[in-house]
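Visitor: Provided below are the primary sequence and the corresponding predicted coordinates.
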Amino acid sequence: MMRQRFESALPLTAFLESVVANAALWRDAYRLARVPVEAVARLAAIPGRWHLLVMAEDWCGDAVNILPLLARLAEQAPNVELRVVGREDNADLMEAHLTNGSRSIPVVMVLDEDYQERAWWGPRPSALQQWVMDEGMELEKGERYRRVRTWYARDRGRTIVDEVIDVVTRAAGDVDATAA
C-alpha cells in the first residue's frame, strides 16, 4: 500500500507546479534552499535505500519552511527519494500521524527500501514545537506566526536537516536490529 502511495505522490518540483497558496514563497524557498555538504554525507552514509513521504498542503507555513530543505537534501543523497502527498486527500495517513491529537503538518514518513514505514517526523523541529505548544500558544496568532518565521530564518534549516537525518539513522538501526 505504501509503495503505491509513494509512487503516485509528487516529487517536490511537480508539487511546486501545483501550489496556489504562497506560490512565490514556495518557489523562492526551494530556489534558496541549501543543505550542508556534511549533512548530505551523513545521510548518504546510512545503509539502504530510503523514501521520505511527506504529507503537506501549500497553505502550511511550516511546510514551506521545511519541504524545500528536505527536497534539496534528498536530491543530493543518492540513497534517498522524497515525494509529497496532500493531507486532505490522505485522511487515513493523517489519522495515523496525529501530533497530540492534532492534524498538524508537515509529516515526514520514513519508508525503507521495501516501502515499510519505519519512523516519522513532524510537524516542526522539536525545540520550535515545544515553544509553540508552551509560550507560543499564549500569543496572538499573528505574533506567534511572526516569531515562528523568525525562528526558521535564524536556524537556516540546520535543526530540520539534523532531526530528519537522526530519524532516518534510528530507522536504519531498527531495520538492522530486525534483520539480525
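Guide: Great, that's in hand.
Visitor: what's the longest helix in this structure?
Guide: Ranked by number of residues, the top helix in the chain under DSSP state H is helix 158-179.
Visitor: Pull out the buried residues from it.
Guide: Buried residues in helix 158-179, counted by 16 or more other C-beta atoms under 10 Å: Thr159, Ile160, Val161, Glu163, Val164, Ile165, Val167, Val168, Thr169, Ala171, Ala172, Val175. C-beta: built from backbone N, CA, C; applies to glycine.
Visitor: do you know how far the third one is from Thr13?
Guide: Pointing back at Val161 there. 19 Å (C-beta to C-beta, to the nearest Å).
Visitor: Now do the helices in the chain.
Guide: All helices of the chain, identified by DSSP H, fall at 2-8, 12-18, 23-32, 37-44, 61-76, 91-96, 126-133, 141-155, 158-179.
Visitor: Identify the residue nearest the geometric centre of the protein.
Guide: Nearest to the geometric centre of the chain sits Val108, at 4.2 Å (C-alpha atoms, centre = their mean).
Visitor: List the contacts of it.
Guide: By C-beta atoms under 8 Å, 6 or more residues apart in numbering, the residues touching Val108 are Leu52, Leu53, Val54, Ile66, Leu70, Trp120, Trp121, Gly122, Val164, Val167.
Visitor: The residue nearest to Arg42 when sequence neighbours are not counted and Pro123, how far apart?
Guide: Nearest residue to Arg42, sequence neighbours excluded (C-beta to C-beta, 6 or more residues apart in numbering): Ile165, at 5.3 Å. Separation of Ile165 from Pro123 (C-beta to C-beta): 18 Å.
Visitor: what residue ranges in this protein are flagged as low confidence?
Guide: 175-180 (pLDDT under 70).
Visitor: Please repeat the previous calculation with a cut-off of 90.
Guide: Applying pLDDT under 90 to the chain flags the ranges 1, 98-102, 173-180.
Visitor: re the thing from before, now do the residue nearest to the centre of the chain against Arg124, distance only.
Guide: 11 Å.
Visitor: cool, Arg83 as well?
Guide: Distance, Arg83 to Arg124, by C-beta to C-beta: 20 Å.
Visitor: Counting neighbours, go ahead and name the busier of these two.
Guide: Shown here are Arg83 and Arg124; by other C-beta atoms under 10 Å, Arg124 has more neighbours (26 against 22).
Visitor: Wait, the more buried one touches Asp62, no?
Guide: Yes. Taking C-beta atoms under 8 Å as the definition, Arg124 is a contact partner of Asp62 at 4.9 Å.
Visitor: For the longest helix of the chain, which outside residues touch it?
Guide: 35-36, 39, 42-43, 46-48, 50, 52, 65-66, 69-70, 73, 80, 108, 110, 112, 118-121, 125-128.
Visitor: mind listing what Leu70 touches?
Guide: Leu70 touches Leu52, Val54, Leu82, Val108, Ile160, Val161, Val164, counting by C-beta under 8 Å, 6+ apart.
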